[in-house]
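K.L.:
Generate coordinates for the sequence data below:
(one chain, ligands or ions: 1)
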Amino acid sequence: PHSFYSSLRREAPVSQVEPGGMWAVTRYEDALHVLKNPQIFSSEGLRAATQPAWLGQRNPVSDSILVLDPPDHTRLRSLITRTFSAPGVARLESFVRSNAESIVADMLARRRVDFVESMGLTLPSRTMSALLGLDTSLAPRFKGWADAIVSFGITPPDATERQAELRATLTELKHHLGQVLELRRREPGNDVVSDLLQARAQGGVLSDDELLGFLVLLLVAGLETTYDLLGLCGLMLADQPDIWARLKADRTLVPKFVEEVLRFESPSQSTMRITTQETELGGVRLPKGAVLMVQFVSANRDESVFPNPHRFDLDRTGTPHLGFGHGIHFCVGAPLARLEARLAVEVLLERCSKLVREPGPVQWNVAVTTRGPAVLPLELHP
Ligand code: HEM
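P.N.:
This next block holds a predicted model:
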């Protein structure tokens, strides 16, 4: 795909993948322009993909900040900025670290593991349980919930069995989050649900649908991409002994390593926008209602912004990547995702002499807009 995107950036940076279809936005500069102008490039484009007719009930994500434009977006997003700010998530550091430590100890005891399952799925699931106040025993269900929510838009209209399954999963998810809301109404705790309930009690600016939408969005957005990021970090550490050695010698490089994985691999590959009026982008006229796929995966390898873009470079400085998006929808969870990835890598460096990958091609997951290894068999050496 990278050579395909390179030629698009050169020859047709804003182009329709098929006649009458979506527009791919592949250059960094154009991607930035789209993300900086939400009044012209609306996130309503994402809403259509979250609410297919067959669902027969409201997808809570359709009421979430991800698909809203200002002023609703601004009003709702301000309710969680504090909880998810860097100082806000720093409070979780010792919790995340002790989980990473027990996961690595367990992996070392077993020696050969699927890293995606052992670390990639487990660390974010436990973190989200704590954040949302969900019972940890439900954590193994999270992956299925997150997968279901992101599958709505790509399930064919005639796949009735799959649709029934997805409806049942959504009902189950709503049920558990409803219970958390009930519980926190009675006994507020130290979690994002209590923060939101308190904000509502004080200002009354959050409807029931919006509250549930928030929780489901956080669960989905906080899991799928973080699974991928952790898997990608594990893959890079196992496959690049030079990088492993440099990080071992200098742990202060770990945050740069995480940023470069985000740029190089773009676990969140793209997002969607829809034009609210006729406009121009990269020299191309777009009609009102054009659906755009902003390709982070391409923008993050744009040679006009990143020298030697196809090189994984720990010493890279300069322009920030778009792995977490940009502008008003910039990922709320970025500080948390960075914290989880940094701690997972730090603990691996502390406890292991090396990671060895079973030879063979990587099996990638098949999600629409996220990408990471589906399984990653590793041998951990103490
Ligand atoms: C938004 C990526 C982890 C919550 C976004 C966007 C991107 C992104 C690209 C912007 C979407 C757009 O502009 O349409 C990622 C990546 C992650 C990650 C790559 C991990 C490696 C998390 C975590 C959470 C989270 C851990 C929460 C705990 C959100 C939310 C939004 C968002 C709530 C919507 C923000 C808004 O619309 O204002 N994320 N994310 N993300 N992310 Fe993340």
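
K.L.:
Let me know the distance separating G231 from the ligand.
P.N.:
10 Å (Cβ to the nearest ligand atom, to the nearest Å). (C-beta placed from N, C-alpha, C; glycine too.)

K.L.:
Up against the ligand, what does the stretch 201-350 of the chain have?
P.N.:
In this structure, the stretch 201-350 of the chain approaches the ligand at residues 217-218, 221-222, 225-226, 229, 267-268, 271, 323-325, 329, 331-333, 336-337, judged by Cβ under 6 Å from any ligand atom.

K.L.:
Return the subset of the residues you listed lying in helices.
P.N.:
217-218, 221-222, 225-226, 229, 336-337 (DSSP state H).

K.L.:
Show me which of those residues are buried.
P.N.:
Buried members of those, scored by 16 or more other Cβ atoms under 10 Å, are 217-218, 221-222, 225-226, 229, 336-337.

K.L.:
For those residues, work out which two are farthest apart.
P.N.:
Farthest apart among these by Cβ to Cβ are L217 and L229. That separation is 17.8 Å.

K.L.:
Skipping adjacent residues, who's closest to the residue in the stretch 201-350 of the chain positioned nearest to the ligand in space?
P.N.:
Distances between the stretch 201-350 of the chain and the ligand by Cβ to the nearest ligand atom are smallest at G333, namely 2.0 Å. Spatial nearest neighbour of G333, excluding adjacent residues (Cβ to Cβ, 6 or more residues apart in numbering): G222 at 5.2 Å.

K.L.:
mind checking how far the one you found is from L131?
P.N.:
7 Å (Cβ to Cβ, to the nearest Å).

K.L.:
can you list residues touching both of these two?
P.N.:
L336 (Cβ atoms under 8 Å, 6 or more residues apart in numbering).

K.L.:
With the ligand as the reference, measure out to the closest residue to T226 other than its chain neighbours.
P.N.:
Take T226 and drop its neighbours on the chain: the residue closest to it by Cβ to Cβ, 6+ apart is P124, 4.1 Å away. In this view, P124 and the ligand are 7 Å apart by Cβ to the nearest ligand atom.

K.L.:
Touching, P124 and A221? I think so.
P.N.:
No - using Cβ atoms under 8 Å, P124 makes no contact with A221, being 10.9 Å away.

K.L.:
May I see the buried residues of stretch 25-45?
P.N.:
Within stretch 25-45, the residues that count as buried by 16+ other Cβ under 10 Å are 25-28, 30-35, 37-38, 40-43, 45.

K.L.:
right, and the helix or strand after the helix or strand containing H176?
P.N.:
In the assignment (DSSP states H and E), H176 maps to helix 160-186. Next along the chain after helix 160-186, taking DSSP H and E as the criterion, comes helix 192-203.

K.L.:
Tell me which residues are up against that following helix.
P.N.:
Under the contact criterion Cβ under 8 Å, 6+ apart, helix 192-203 has outside partners 79-80, 82-84, 131-133, 180-181, 184-185, 188, 205-206, 211, 214-215, 218.

K.L.:
can you map out the helices along the stretch 1-150 of the chain?
P.N.:
2-11, 28-36, 44-50, 72-77, 81-84, 86-90, 93-110, 115, 122-132, 139-151 (DSSP state H, counting those that start in this stretch).

K.L.:
so which of those is the most packed in?
P.N.:
Stretch with highest mean neighbour count among the helices of the stretch 1-150 of the chain: helix 115 (a mean of 26; mean count of other Cβ atoms under 10 Å).

K.L.:
on contacts alone, who are the packing partners of that helix?
P.N.:
Secondary-structure packing of helix 115 (3 or more Cβ pairs under 8 Å, 6 or more residues apart in numbering; DSSP states H and E): no helix or strand packs against it.

K.L.:
Stretch 175-184: which residues count as buried?
P.N.:
For stretch 175-184, by 16+ other Cβ under 10 Å, it's 176-177, 180-181, 184.

K.L.:
Could you export that stretch as PDB, CA atoms only?
P.N.:
Extracted in PDB, the C-alpha atoms of stretch 175-184 (Å, rounded to 0.1, in the frame of the first residue of the first chain):
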ATOM      1  CA  HIS A 175     -26.900  -3.200  29.600                       C
ATOM      2  CA  HIS A 176     -23.500  -3.300  31.300                       C
ATOM      3  CA  LEU A 177     -22.800   0.400  30.800                       C
ATOM      4  CA  GLY A 178     -26.400   1.100  32.000                       C
ATOM      5  CA  GLN A 179     -25.500  -0.800  35.200                       C
ATOM      6  CA  VAL A 180     -22.400   1.200  35.700                       C
ATOM      7  CA  LEU A 181     -24.400   4.400  35.300                       C
ATOM      8  CA  GLU A 182     -26.900   3.200  37.900                       C
ATOM      9  CA  LEU A 183     -24.200   2.300  40.400                       C
ATOM     10  CA  ARG A 184     -22.300   5.500  40.000                       C
END
